[in-house]
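> Return a 3D structure for these sequence lines:
(chains A and B)
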Amino acid sequence: MYKNRNPSETPPLGGWTLPTLMNFLIIALVSGTSSLAQDRTVPLRIVSVVPAITEMLFSIGAGKRLVGVSSFARYPVEIDSLPRVGALLDPDVEQILSLRPDLVILYGSQVDVIKQMTRARIRTLTYRHGNLNDIHKTILRLGQATGLADEAQLESTRIAELLASIRKAVSGRKRPRVLLVIGRDPDQIRNVYVSGGTGFLQDAIVIAGGKNVFGHFNREAVQPTSEQLLASSPDVIVEIHADGLLTIEESERQENIWAAFSSIPAVRNQRIFSAQGNALVVPGPRIAAATLGLAKIIHPEAFK
Amino acid sequence: MTVKTTPFRNRSLSSRLAGAYILFGGLALLVCFVAPLIGPTQIDFRNVFDSKIPFEDNVDGQIFFIARLPRTIAGALVGAALASAGVVLQALLHNPLATPFTLGVSTGASLGALLVIITGLPIPTLGISAIPLASFAGALGAVSIVYGLARLRRQGLSTLVLLLAGVTLNAFFSAMIMFVQYFADYTQSFQAVRYLMGNLDVSSYEQIVWSLPLLLAASIGFAWLPRSLNLLALGTKGAAARGVNVLTTQRVAFLSASLATGAAVSLGGPIGFVGIIVPHIVRLLLGSDYRIVIPASAFFGATFLVICDVAARTLMSPIELPVGVITAMLGGPFFLWLLVRHQ
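Presented below is the predicted three-dimensional model:
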């Protein structure tokens, strides 16, 4: 019932830990786009407090200029050696300043840090998570800010084309009802968090050719009761396991946990899948490939 | 012909007891019967009990038997346990402000649960989820510390030390909870905050079955207590002079109340207000004889929490409110109204 997906065949769902999850799902309630301070000089020492931005910088070839990253950043491996400067709620201003950055990328709500950086005459760039389409816009803006506009254009086009090809592959097919589980209690169907009707996960479900069973909730994350889970009757359940690969025994245990809810079509027809790794919870460049993985789960017949 | 009405307090014990059982027990039964019929989704009750439809495919049946019935039962058990534990602790500590959570049991339980939520320890469990188990372990830990401290000083069980140790332990465990939460990430912090608000959506009978022996043991204690607690209200010396074994009474009161609280918290999380509001409402209505107040509180606690849970899942449907928020919002004003009216 539970499919252990090999990370080499599904999109890069590398060994990540959960941390960034709420960063992107709860705080991302405020959707918006990045705003850039205009500056002529090309920054060479960048600090990024946002893991998604860190990934975008690497995707346009600006990764080597990073001198500090968020404590929750886990991708790509090149960041392992970089200093950690805290995260959304606990940025370490002293640490940031000590790295002598010429560009600091912060989340839009970190008003105090933005002020402190301005006082220290350090250029800042603020960003807020939006929906899936905002990702390539943000990449283009990052390209402008780092003097890598051409590379950013290429990357943005690559993502847009990949998403378009997914849309095309699933177009005209019946949309299965999808339940995308972001998290739940370790070994029971209790305190289940699922994707609601806004944000990049909802976009990913729609692009992948599914219909989100909780898509009518105008929020990013919903905590349905067991009654609502039963009544939502999804055809496919996808559980995000951001912590990395599950063992076979663990997968079987998870399978048994859902078995009590056998009136759900996905449970009856053994269509419960796990998306392992963090690619689906970071709205960065990897989300396109993760969406392809999701589409292959929802419409296996379309990708033969 | 005039019908002579006697105030409830002046009637004979057996008639008052029968009245309390019929009234409060009947109310609890009625509420528990009606509660599973109400919910955010429309279900067809002809299908629910239709044995021709296999249960695996019976959506209506599964909503009724997996989603609604367990949480109604859990609500009734937790409400009864917390309310009767509240009565007993208020009597034991001679303090109307005592709650089942005063002696650190619930913060100990919460700490246990949060450690599992935040560290994600895959604790090997016997067919039961790790969170309730850890939460019960935390409750037991807190109880042993408080009890040990209260026994240290003298021969007897010092209620003053009990109270102070409990309050201090509460503060200490709260600090530990903040410490643990500080190192958690957003998802886990969010989960932890939601746990602390209480949640009765147990979605299976396993946890209920596990808590039953504990609650049964606690109720044996509660059944034994009333006469001694009545005499204890006169003070420990007065009670001892009338043949009450004060130490045993205190021990039974403390341990059964703690057991009930630990079981309740591991089932539904630390749901506040039930344990203090319900005993006072019952006392305002029925007087202070523990032979009546304890069973009536258990019944009324069950009624109150099941009603609050129905409100939690229907008021803002399809979004569910945390039941702890409802108990405070419904219980607080109602209690104040009763208080003012009786002054």
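
> Residue in the stretch 51-200 of chain A with the shortest distance to chain B?
residue A:188 (4.3 Å; Cβ to the nearest Cβ). C-beta here means a position set from N, CA and C on the backbone, and glycine is covered the same way.

> what's the neighbour count on that residue?
Residue A:188 is flanked by 21 other residues according to other Cβ atoms under 10 Å in any protein chain shown.

> And for residue B:235?
Neighbours of residue B:235 under the rule other Cβ under 10 Å: 12.

> what do you get for residue A:232?
Count around residue A:232 with other Cβ under 10 Å applied: 17.

> Could I get the contacting residues of the closest residue to it other than its chain neighbours?
Once flanking residues are discounted, residue A:232 sits nearest to residue A:213: 4.0 Å by Cβ to Cβ, 6 or more residues apart in numbering or on different chains. By Cβ atoms under 8 Å, 6 or more residues apart in numbering or on different chains, residue A:213 lies in contact with A:177, A:178, A:179, A:194, A:232, A:233, A:234.

> Which of these fall within helices?
Among these, DSSP state H puts residue A:232 in helices.

> now the contacts of residue A:213 in a markdown table, with pLDDT?
Putting these into a markdown table (pLDDT from 0 to 100) gives the following:
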| residue | pLDDT |
| --- | --- |
| A:177 | 96 |
| A:178 | 96 |
| A:179 | 96 |
| A:194 | 93 |
| A:232 | 92 |
| A:233 | 92 |
| A:234 | 95 |
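
> mind listing which of the contacts of residue A:213 are in strands?
A:177, A:178, A:179, A:194 (DSSP state E).

> Residue A:101: which of these is nearest?
residue A:194 (37.9 Å; Cβ to Cβ).

> and the closest one, bridged to which residues?
Beta-bridge pairing for residue A:194 (DSSP bridges): residue A:181, residue A:222.

> Wait, it touches residue A:220, no?
No - between residue A:194 and residue A:220 there is no contact under Cβ atoms under 8 Å: 10.3 Å.

> the more surrounded of these two?
Set residue A:194 next to residue A:220 and count neighbours by other Cβ under 10 Å: residue A:194 wins out with 28 against 25.

> Run through the residues that contact that one.
Counted by Cβ under 8 Å, 6+ apart, residue A:194 has contacts A:179, A:180, A:181, A:182, A:213, A:214, A:221, A:222, A:223, A:224.

> Flag every buried residue along the lowest-mean-pLDDT helix or strand in chain B.
Among the helical and strand segments of chain B, the one scoring lowest on mean pLDDT, DSSP states H and E is helix B:186-196, with a mean of 78. For helix B:186-196, the neighbour count (16 or more other Cβ atoms under 10 Å in any protein chain shown) marks B:186, B:187, B:188, B:189, B:190, B:191, B:192, B:194, B:195, B:196 as buried.

> try stretch B:254-263
So, applying 16+ other Cβ under 10 Å, buried residues of stretch B:254-263: B:254, B:256, B:257, B:258, B:259, B:260, B:261, B:262, B:263.

> quick one: contacts for the residue nearest the centre of chain B?
Closest residue to the average C-alpha location of chain B: residue B:82 at 2.0 Å, with Cα atoms, centre = their mean. Going by Cβ under 8 Å, 6+ apart, residue B:82 touches B:100, B:260, B:261, B:264, B:271, B:274, B:275, B:278, B:301, B:305.

> For it, identify the helix or strand it belongs to.
helix B:69-92 (DSSP states H and E).

> And the pLDDT at whichever residue of the stretch 201-343 of chain B sits closest to chain A?
For the stretch 201-343 of chain B and chain A, the shortest gap (Cβ to the nearest Cβ) falls at residue B:203, measuring 3.8 Å. According to the prediction, residue B:203 has pLDDT 80.

> Take the buried residues of stretch B:254-263 and keep only those in helices.
Those of the buried residues of stretch B:254-263 mapping onto helices are B:254, B:256, B:257, B:258, B:259, B:260, B:261, B:262, B:263, per DSSP H.

> just checking, the third one touches residue B:219?
Spelled out, it's residue B:257. No - Residue B:257 sits out of contact with residue B:219 when judged by Cβ under 8 Å, with a separation of 11.2 Å.

> intersection of neighbour lists for those two?
Common contacts of residue B:257 and residue B:219 (Cβ under 8 Å, 6+ apart): residue B:84.

> Now do the helices in the stretch 51-200 of chain B.
With DSSP state H, counting those that start in this stretch as the criterion, the stretch 51-200 of chain B has helices at B:59-62, B:69-92, B:105-119, B:130-152, B:159-182, B:186-196.

> Let me know which of those is tucked in deepest.
helix B:69-92 (a mean of 28; mean count of other Cβ atoms under 10 Å in any protein chain shown).

> Quick one: low-confidence residue ranges for the stretch 1-150 of chain A.
The stretch 1-150 of chain A contains residues with pLDDT under 70 at A:1-40.

> What residues does the spatially closest residue to residue B:61 that is not a sequence neighbour make contact with?
Distances taken as Cβ to Cβ, 6+ apart place residue B:48 nearest to residue B:61, at 5.0 Å, with adjacent residues excluded. When contacts are counted by Cβ under 8 Å, 6+ apart, residue B:48 touches B:58, B:60, B:61, B:64, B:65.

> got the residues you listed as a markdown table, with pLDDT columns?
As requested, the contacts of residue B:48 are exported to a markdown table (pLDDT from 0 to 100):
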| residue | pLDDT |
| --- | --- |
| B:58 | 83 |
| B:60 | 88 |
| B:61 | 88 |
| B:64 | 91 |
| B:65 | 90 |
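
> What is the nearest of these to chain A?
residue B:58 (6.0 Å).

> Backbone dihedrals for that closest one, please?
The phi/psi pair for residue B:58 (degrees, to the nearest 10) reads phi -90, psi 90.

> residues in contact with it?
A:263, B:47, B:48, B:50.

> The stretch of helix or strand residue B:326 belongs to: how far from the chain's middle?
Element membership for residue B:326, per DSSP H and E: helix B:323-342. Averaging C-alpha positions (Cα atoms, centre = their mean, to the nearest Å) puts helix B:323-342 16 Å from its chain's average.

> So which other helices or strands are in contact with it?
Helix B:323-342 is packed against helix B:274-286, helix B:290-314, with contacts defined by 3 or more Cβ pairs under 8 Å, 6 or more residues apart in numbering or on different chains; DSSP states H and E.

> so, in contact with chain A or not, the longest one?
Yes - Helix B:290-314 lies within reach of chain A by Cβ under 8 Å from any Cβ of the partner chain, at residue B:313.

> Nothing else from me, thank you.
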